[in-house]
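Student: Any chance you could fold what I've pasted below:
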Amino acid sequence: MFHDVKYYTLSEAKATLNERRLLRPTIEQWWKEQGWTPPNQVPMFGDAVAVLGKAACATRRYEDALFLEYARLGGFNPAWMVYTKGLLSTESPFKRRLLHPTFFEKRGKRYGGIVVRKHRLGCIESNRAKPVCDVRLKCGTPVVDFHRRLHQRFGYSDDTVIDLSSYYEQFAYNAKKYYWGYLSFFLAHSVLLDDYHGGEERLRIGMRFTNEVFLPVYHEVVRKFGITPIIVRFPWHEHLKYVMPDDVENWRDHRVIPENLLDLSHHF
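Tutor: Numbers count the residues shown, from 1 in each chain. Now for the predicted structure:
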């Protein structure tokens, strides 16, 4: 437990998800009673799906490589939940990096250090508060399309990227309301990999979202159903922000992700 939030290990998450399969009809009936229509993929989830939630769109960072390693070792099928109609916040480091991504290029010949290059693909300030799906790069390409093409290099179908924008519209995009629905996806249908007490966003802009939205809704969901959402604490390191080159299958050879993050023995 962490501040009354239960984080599961991968093995605990897999076992708990399997135990809760029979609860899915009850939860889906509750969705219907609330008048909520979840994305088509959610009720059809298989028995072992792990989700990486992103505030805007899926891309191709070393964070994703680590997520895929977690999913592989935990025996999960990976999926990404995104929110392309979310507004481009200049406070969000992830959203800023959609327009100013930093690409890994190589290891230095002399000392073996990481060589990266930042690309300023669009103007952050002129796109402030625009829906991410409406933001375009300087070349005219929608930023979501640019990152979608990067993400497709992983080889997963587009069905594994679930855009929750239409779902959130049912809640008038009110975070305290739509987070009820969001966390209910992880009671019996899938497992969430996230860190509500750290991670890229919270280490930069603080704990306001965790304290004002996540924690109250989390405890309301627990009181309603008597069980906790299945959340695996997902680590963060500054190197995870770098965009991967095209040879995604060789990500280990790049030696960008610290070895301690790749040691998942404590999850089993």
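Student: any idea of the mean pLDDT in the longest helix anywhere in the chain?
Tutor: Looking across the chain with DSSP state H, the single longest helix is helix 62-74. Taken as a whole, helix 62-74 has an average pLDDT of 96.
Student: Give the next helix or strand downstream of that helix.
Tutor: strand 77-82 (DSSP states H and E).
Student: For the helix or strand hosting F103, output the C-alpha coordinates as PDB.
Tutor: Secondary structure from DSSP H and E places F103 in strand 102-107. Output in PDB follows, covering the C-alpha atoms of strand 102-107 (Å, rounded to 0.1, in the frame of the first residue of the first chain):
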ATOM      1  CA  THR A 102      14.300  14.200 -28.200                       C
ATOM      2  CA  PHE A 103      15.500  11.300 -30.400                       C
ATOM      3  CA  PHE A 104      18.200   8.900 -29.300                       C
ATOM      4  CA  GLU A 105      20.800   8.800 -32.100                       C
ATOM      5  CA  LYS A 106      23.800   6.700 -30.900                       C
ATOM      6  CA  ARG A 107      26.300   6.000 -28.200                       C
END
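Student: for the record, mean pLDDT for it?
Tutor: Mean predicted confidence for strand 102-107 is 94.
Student: Name the residues of the next helix or strand after it that come out as buried.
Tutor: For strand 102-107, the following helix or strand on the C-terminal side (DSSP H and E) is strand 114-118. Residues of strand 114-118 classed as buried: V116 (neighbour count, 16 or more other CB atoms under 10 Å). No exception for glycine: its C-beta is placed from N, CA and C like everyone else's.
Student: if we can go back for a sec, list the buried residues for the strand holding F103?
Tutor: Quick answer for strand 102-107 (16+ other CB under 10 Å): F103, F104.
Student: Equivalent analysis for stretch 258-268, please.
Tutor: Within stretch 258-268, the residues that count as buried by 16+ other CB under 10 Å are L261, L264, H267.
Student: how far away is the second one from W36?
Tutor: Pointing back at L264 there. 34 Å (CB to CB, to the nearest Å).
Student: Let me see the residues that make contact with the strand holding F103.
Tutor: Residues from elsewhere that reach strand 102-107, judged by CB atoms under 8 Å, 6 or more residues apart in numbering: 62, 113-119, 241-245, 254-256.
Student: relative to strand 114-118, how tilted is it?
Tutor: 150 degrees (axes from the mean of the first three to the mean of the last three CA atoms, to 10 degrees).
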